[in-house]
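Q: could you look at this predicted model? Sequence included:
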Amino acid sequence: MVGMPTDEASPDPAVSPPAGDPGEQSSAETPRTSPPEASEMSPEGGDGHPGAAGGTPLPTHEPVIASEPATREAQAPLPEPEPPSPAAASVADDQEHSLDPRYIDLARTIGWIVAASIFAGNLIGAGILILTPAPTWVKWLAITAAMIVTAALAWFFHHWPAVYHYHSSYRVNMRGIEIRRGVIWRKVINVPRSRVQHTDVSQGPIERQFGLSTLLIHTAGTEHAQVDLPGLDRDTALKIRDHLVSAREQDDAV
């Protein structure tokens, strides 16, 4: 009797597999994973970050964005102006100062030397006049006039320095120097530090005897291109010179 063809029985999922060795059971339950293909071994893992195969992330770094080049002011800010030195501060006190009192004796000494030279010339002229055949009254008149002129010059050279010293002064501040002088015609000279080209301190043989100097200021301009300030103590003249020149050096450095 021909039997009916029967289909091959499919495994029933409800039926648990037969009990066997525990090792075989665990191996049967754990799915085996095949090694990743070459295409899967990409530098990027499963989460899109660089990593090894299988999506294991590697340590990453934040991208560095180059900033715009800094401006010149940010890179090298201009240095702040240095405060004046104690020596300059003691000179640039913005106070009106008179010339050194020794200037009166210095000017009188120079005046006496000039008066003595004129007197010697008058004596020589009087001696020549006496030897001439001129009338006697003419000779005495000429000698008397020469003596009067010499005496007047001696008086002037003795008293004028004190009057000139009284009407002469200077003022030094951070902006520059101001010089006032003149008895009949008063004159005020302002020299800004920005116009000072260079300065000199001169000292003649007579000034050296009194310890005085003359400050010479050369400016950038046609009027008052050279300004002199006599009757200064040498140390004071040097301090004023350094104070006026320091601004010029700072402008050249910038």
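A: Nice, I can see it.

Q: wait, isn't Asp200 in contact with Leu216?
A: Yes. Counting by Cβ atoms under 8 Å, Asp200 does reach Leu216; the two are 4.1 Å apart. C-beta coordinates here come from the backbone N, C-alpha and C atoms, glycine included.

Q: the two: who's more crowded?
A: For Asp200 versus Leu216, neighbours defined as other Cβ atoms under 10 Å are more numerous around Leu216 (17 against 14).

Q: distance check, that one against Ile130.
A: According to Cβ to Cβ, to the nearest Å, Leu216 and Ile130 sit 46 Å apart.

Q: do the same with Thr219
A: Taking Cβ to Cβ, one finds Thr219 at 53 Å from Ile130.

Q: who's more crowded, the two?
A: Neighbours per residue, other Cβ under 10 Å: of Thr219 and Ile130, the larger number sits with Thr219, 20 against 13.

Q: contacts only, for the more buried one.
A: Val191, Arg195, Val196, Gln197, Ala225, Gln226, Val227 (Cβ atoms under 8 Å, 6 or more residues apart in numbering).

Q: one more time with 7 Å, if that's ok
A: Thr219 makes contacts with Val191, Arg195, Val196, Gln197, Ala225, Val227, as judged by Cβ atoms under 7 Å, 6 or more residues apart in numbering.

Q: isn't the third one up against Ile217?
A: Yes. Judged on Cβ atoms under 7 Å, Val196 makes contact with Ile217 at a distance of 6.1 Å.

Q: what do the two both touch?
A: Common contact partners of Val196 and Ile217 (Cβ under 7 Å, 6+ apart): Leu244.

Q: neighbour count: these two, which is higher?
A: Ranked by neighbour count (other Cβ under 10 Å), Val196 and Ile217 place Ile217 first, with 25 against 22.

Q: would you mind giving the secondary structure of the more buried one?
A: Following DSSP: H, G, I helix; E, B strand; the rest coil, Ile217 is assigned to strand.

Q: I'd say it and Leu232 touch.
A: No. Between Ile217 and Leu232 no contact is recorded; they are 11.9 Å apart, counting by Cβ under 7 Å.

Q: state the distance from Asp100 to Leu212.
A: Distance of Asp100 to Leu212, computed by Cβ to Cβ: 6 Å.

Q: what sits in contact with each of these two?
A: Shared contacts of Asp100 and Leu212 (Cβ under 7 Å, 6+ apart): Gly231, Leu232, Asp233.

Q: what about the residues you listed, which one has the most neighbours?
A: Counting neighbours by other Cβ under 10 Å, Gly231 comes out on top of the shared contacts of Asp100 and Leu212 with 25 neighbours.

Q: what's around Pro161, how many residues?
A: Neighbours of Pro161 (other Cβ under 10 Å): 21.

Q: can you tell me what sits against stretch 121-139?
A: Ala142, Ile143, Ala146, Thr150.

Q: just the residues you listed now: which is nearest Ile104?
A: Relative to Ile104, the closest of the contacts of stretch 121-139 is Thr150; by Cβ to Cβ it sits at 21.5 Å.

Q: now do the closest residue to the closest one other than its chain neighbours, the pLDDT please.
A: Excluding its sequence neighbours, the residue lying closest to Thr150 (Cβ to Cβ, 6 or more residues apart in numbering) is Phe119, at 4.5 Å. With respect to pLDDT, Phe119 has a value of 87.

Q: before we move on, what about the one 4 residues further on?
A: At Leu123 the predicted local confidence, pLDDT, stands at 85.

Q: kindly report the same for the one 4 residues further on.
A: Taken from the predicted model, the pLDDT recorded for Gly127 is 83.
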